[in-house]
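J.: Show me how the following folds:
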Amino acid sequence: MKKYIKFIYFILVIALLFSAAFFIKLDAKQNENGKSMIASIATQMSFGARHVGTEGRLKTQDYIRTELNNNKVEVIDQKWEDSTSQNLNNIIGRINPEAKNRIIVGAHYDSQQSASNDRPNMPVPGANDSASGVALLLEIARNYNANDLKNVGVDLVFFDAEEYQPGNFESWSPKGSVYFADNLQSIYKSTKPNAAIVVDMICDKNLNISKEFLSDSNAREQTQNIWNEGKNVDATVFSNSVRTEIKDDHTPLAAMGIPSTLIIDFDYPYFHTTKDTIDKCSSKSLQTTYETVKNYIYSLDK
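T.: Predicted coordinates:
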């Protein structure tokens with residue numbers, strides 16, 4: 001009997017070890033996108049300051065175009081001269097461009113010129129507040145073509161000049177998304193996009209995402225559906241609490257009648273400081289947000 005019990009115990013131990021190895025391997029596989037996005041953030045950080053007028057911003061534009069082209073994503077440059085005589089440029093990557101039902105996934109690629117919360121004469125490195133959103137959009141570009149979306153097209157919109165001359169809450173204007181919203185007809189000839197998701201500041205190690213007021217009021221059903229997907233990925237990250245309105249690139253899109261949801265962790269202690277660096281980023285947080293957006297898009301493609 002004792003030999004039998006020992007044999008059963010041995011089998012259970014072996015089974016547990018195999019199970020542990022399987023789940024460790026599975027977790028590592030699931031975090032591959034997160035690691036890829038961390039690498040994308042590192043690439044952007046290597047360009048230095050990326051606010052309007054810098055060489056780093058131009059290098060970021062080239063990097064975005066190269067990644068989209070390498071993944072066979074149709075690229076559109078939306079160029080214009082701003083009222084301050086700055087040459088600005090939204091970059092749009094179109095996945096499944098023939099699909100009539102379209103969803104925007106957007107993020108700004110410029111960084112803040114002034115680290116107003118600690119050293120105003122220095123630029124913000126922008127690992128979280130800039131590079132993280134770009135990294136997520138590029139990760140979608142790397143993975144979605146192969147998955148062959150059938151009924152939904154995705155427009156990856158890299159907004160310029162979200163951080164340019166921001167002003168206060170009342171006067172702030174995200175120049176890239178305002179121009180994009182005012183010129184929808186140049187991209188969408190007949191019907192407007194069905195929906196928009198904007199991601200911003202999503203790599204915080206202590207990721208905590210609440211519903212933003214405008215998203216909840218302007219696109220309540222969509223926002224709740226996105227949150228449901230998020231809770232399925234990591235219930236500790238997505239909170240059903242609604243926080244005050246945050247003006248971001250979703251604001252002008254919502255004003256044009258496009259249901260628009262902002263995914264942001266605004267409780268970031270390094271916001272607009274010189275400490276917004278890559279060591280504050282988490283591949284797990286990036287993976288969680290990426291999986292949430294990915295799963296929501298798939299839910300629309302049925």
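J.: need the helices for the stretch 151-300 of the chain, in chain order.
T.: 175-182, 213-218, 220-233, 250-255, 283-300 (DSSP state H, counting those that start in this stretch).
J.: do you know which of those helices lies nearest Ser36?
T.: helix 283-300 (8.6 Å; CB to CB). In this view, the C-beta of every residue, glycine as well, is placed from N, C-alpha and C.
J.: mind listing what's buried in that closest one?
T.: Of the residues in helix 283-300, 283-294, 296-297, 300 count as buried by neighbour count, 16 or more other CB atoms under 10 Å.
J.: just those residues now: which is nearest Ile246?
T.: Using CB to CB, the buried residues of helix 283-300 come closest to Ile246 at Thr289, 16.1 Å.
J.: Would you confirm that the closest one contacts Ala135?
T.: No: using CB atoms under 8 Å, Thr289 is not in contact with Ala135, being 10.0 Å away.
J.: Spit out the residues that contact these two alike.
T.: With CB atoms under 8 Å, 6 or more residues apart in numbering applied, the contact sets of Thr289 and Ala135 do not overlap.
J.: Quick check: which of the helices of the stretch 151-300 of the chain is nearest to Ser46?
T.: helix 283-300 (17.9 Å).
J.: can you pull the pLDDT of Asn168?
T.: Per-residue pLDDT puts Asn168 at 70.
J.: which residues touch it?
T.: Here Asn168 is in contact with no residue (CB under 8 Å, 6+ apart).
J.: wait, isn't Ile246 in contact with Ile263?
T.: No: look at Ile246 against Ile263 with CB under 8 Å: they stay out of range, at 10.9 Å.
J.: what's the burial count for Met122?
T.: Using other CB atoms under 10 Å, Met122 is surrounded by 14 other residues.
J.: Correct me if wrong: it contacts Thr273.
T.: No: with contact defined as CB under 8 Å, Met122 does not reach Thr273; the gap is 9.1 Å.
J.: tell me, what's touching the two both at once?
T.: Ala115.
J.: Give me the distance between Asp265 and Val242.
T.: 15 Å (CB to CB, to the nearest Å).
J.: how about low-confidence regions in the stretch 51-200 of the chain?
T.: For the stretch 51-200 of the chain, the stretches flagged by pLDDT under 70 are 145-147, 166-167, 169.
J.: Could I get the full set of strands for it?
T.: 74-81, 87-95, 102-108, 153-159, 195-200 (DSSP state E, counting those that start in this stretch).
J.: Could you dump these into JSON lines and include mean neighbour count and distance to Arg65?
T.: Shown next, in JSON lines, are these (neighbours: other CB atoms under 10 Å; distance: least, CB to CB, whole Å):
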{"stretch": "strand 74-81", "mean neighbour count": "14", "distance to Arg65": "6"}
{"stretch": "strand 87-95", "mean neighbour count": "21", "distance to Arg65": "6"}
{"stretch": "strand 102-108", "mean neighbour count": "26", "distance to Arg65": "15"}
{"stretch": "strand 153-159", "mean neighbour count": "25", "distance to Arg65": "9"}
{"stretch": "strand 195-200", "mean neighbour count": "26", "distance to Arg65": "20"}
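J.: got JSON lines for the helices of the stretch 151-300 of the chain, with distance to Leu207 too?
T.: Converted to JSON lines, the helices of the stretch 151-300 of the chain look like this (distance: least, CB to CB, whole Å):
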{"stretch": "helix 175-182", "distance to Leu207": "23"}
{"stretch": "helix 213-218", "distance to Leu207": "17"}
{"stretch": "helix 220-233", "distance to Leu207": "10"}
{"stretch": "helix 250-255", "distance to Leu207": "19"}
{"stretch": "helix 283-300", "distance to Leu207": "4"}
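J.: For Lys150, find the nearest of those.
T.: helix 283-300 (10.5 Å).
J.: which strands and helices sit next to the closest one?
T.: When contacts are defined as 3 or more CB pairs under 8 Å, 6 or more residues apart in numbering; DSSP states H and E, helix 283-300 packs onto helix 32-45, strand 102-108, helix 132-147, strand 195-200, helix 220-233, strand 260-264.
J.: That helix vs strand 195-200, what angle?
T.: 180 degrees (axes from the mean of the first three to the mean of the last three CA atoms, to 10 degrees).
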